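S.K.: sequence plus predicted model, see below.
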Amino acid sequence: MAKSPEVEHPRKACGWAARDSSGILSPFKFSRRATGEKDVTFKILYCGICHSDLHMVKNEWGVSTYPLVPGHEIVGVVTEVGSKVHRFTVGDKVGVGCLVGACRSCNDCSNNLENYCPKSILTYGAVYHDGTTTYGGYSDIMVADEHFVIRIPDSLPLDAGAPLLCAGITVYSPLKFYGLDKPGLHVGVVGLGGLGHVAVKFAKAMGAKITVISTSPNKKTEALEHLGADSFLVSTDQGQIQAALGTLDGIIDTVSAVHPLPPLIGLLKSHGKLIMVGAPEKPLELPTSALLLGRKMVGGSCIGGLKETQEMIDFAAKHNITADIEVIPIDYVNTAMERLVKADVRYRFVIDIGNTLKSS
Ligand SMILES: NC(=O)c1ccc[n+]([C@@H]2O[C@H](COP(=O)([O-])OP(=O)(O)OC[C@H]3O[C@@H](n4cnc5c(N)ncnc54)[C@H](O)[C@@H]3O)[C@@H](O)[C@H]2O)c1
Ligand SMILES: [Zn+2]
């Protein structure tokens, strides 16, 4: 019989877990493996709350297993390294994003695209190489293979830097891959939430002109004055959409729920690209005629590989890009999830694990 989460590994750990699809989180005792020769162990200080955590605790994608400890925007300070760890030492500031494992030998892994490896292992709710369940960053300590550990530059604040490990790489990678990182291009960002607001910052730093497309007119002032977007469109305002038809080279769509694509495709110039990174629980409708006329394309993108994640973090540090955050104690997490459902956060909740989660 499999051992219980509390005793399957030698190191005691504690976190907050969802027990069923109500998604309600509560304290959970489990265990972490001893530091292996290629492992980095770190004390978790902060963890961001990604909308994917919300989809997962409520089993909205139908793949969740319980107990589920979410969290894949994890930062902290190294407390122990294995004998074959070369890149990190005790005291280093580090992070772990969405991945903790991959096959390391397939075509994608060989090209530093572990995120597309068919055997990639997610940071939580997945089965690790040793057969045990992975638990995420709403917890006190983390043990990860050094290949999956990111170095956090000194100039990047740990709390506001944490969300970059998922939100940051998820928008940085497609901007680069789809060629939307060229200065002077006109890029649209749909959905001004956790991913969307950092998409504005990265695209801006790459030299793009930015239009934010949102259902909430009340985000206009902030988008323009605070985030530095160049223009703002209310997606349900036909007049505004009509006036902006054919103006965008590309769009990063971060919306977490089902929404209409035709207005967005209409905003693209000929040969423009609509890139989906949001992951609604139901399929969206794709009107092909809108694509044919103008040879437009719809693409997708899923986080990023480890090499590119480090590149993104270094780029963020260089350009002073961080997330706008609301730091919360761990016992506020259920309220934070309720507020995230209503998009009531500017723009990312980050849990202060170090000061508010009692270690076991
Ligand atoms: N592709 C990837 O690798 C990847 C990585 C991380 C997150 N995600 C997914 O991206 C999505 C966004 O994540 P986030 O953390 O930024 O979420 P978020 O909740 O912070 O932001 C989502 C935004 O979408 C807007 N929105 C919600 N419903 C809408 C609707 N019906 N029409 C228009 N706008 C709507 C909200 O107002 C909010 O601004 C989620 O589905 C998440 O699972 C994907
Ligand atoms: Zn995420």
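M.R.: On my side now, so go ahead. Ligands and ions are numbered 1, 2, ... in the order given.
S.K.: for the residue in the chain that ligand 1 sits nearest to, what are its contacts?
M.R.: Residue of the chain nearest ligand 1, by C-beta to the nearest ligand atom: residue 193 (1.9 Å). (C-beta placed from N, C-alpha, C; glycine too.) Residue 193 is in contact with 51, 254, 256, 343, 345, 347, counting by C-beta atoms under 8 Å, 6 or more residues apart in numbering.
S.K.: got a pLDDT number for the last one?
M.R.: In the prediction, the pLDDT value recorded for residue 347 is 95.
S.K.: pretty sure it sits against residue 192.
M.R.: Yes: using C-beta atoms under 8 Å, residue 347 makes contact with residue 192 at a distance of 7.2 Å.
S.K.: with neighbour numbers in mind, choose between the two.
M.R.: Neighbours per residue (other C-beta atoms under 10 Å) separate residue 347 from residue 192, with residue 192 holding more: 27 against 22.
S.K.: mind checking if stretch 285-304 is in reach of ligand 2?
M.R.: No: judged by C-beta under 5 Å from the ion, stretch 285-304 makes no contact with ligand 2; its nearest approach is 7.4 Å.
S.K.: endpoint to endpoint, that stretch covers what distance?
M.R.: Criterion C-alpha to C-alpha, to the nearest Å; first-to-last residue distance in stretch 285-304 is 26 Å.
S.K.: how about it: buried residues?
M.R.: Within stretch 285-304, the residues that count as buried by 16 or more other C-beta atoms under 10 Å are 290, 291, 296, 298, 301, 303, 304.
S.K.: pull the number of nearby residues for the residue lying closest to residue 73 once chain neighbours are set aside.
M.R.: Nearest residue to residue 73, sequence neighbours excluded (C-beta to C-beta, 6 or more residues apart in numbering): residue 48, at 3.1 Å. The local packing of residue 48 (other C-beta under 10 Å) involves 29 other residues.
S.K.: with residue 67 instead?
M.R.: Neighbour count of residue 67, defined by other C-beta under 10 Å: 18.
S.K.: could you check how far it is from residue 198?
M.R.: 30 Å (C-beta to C-beta, to the nearest Å).
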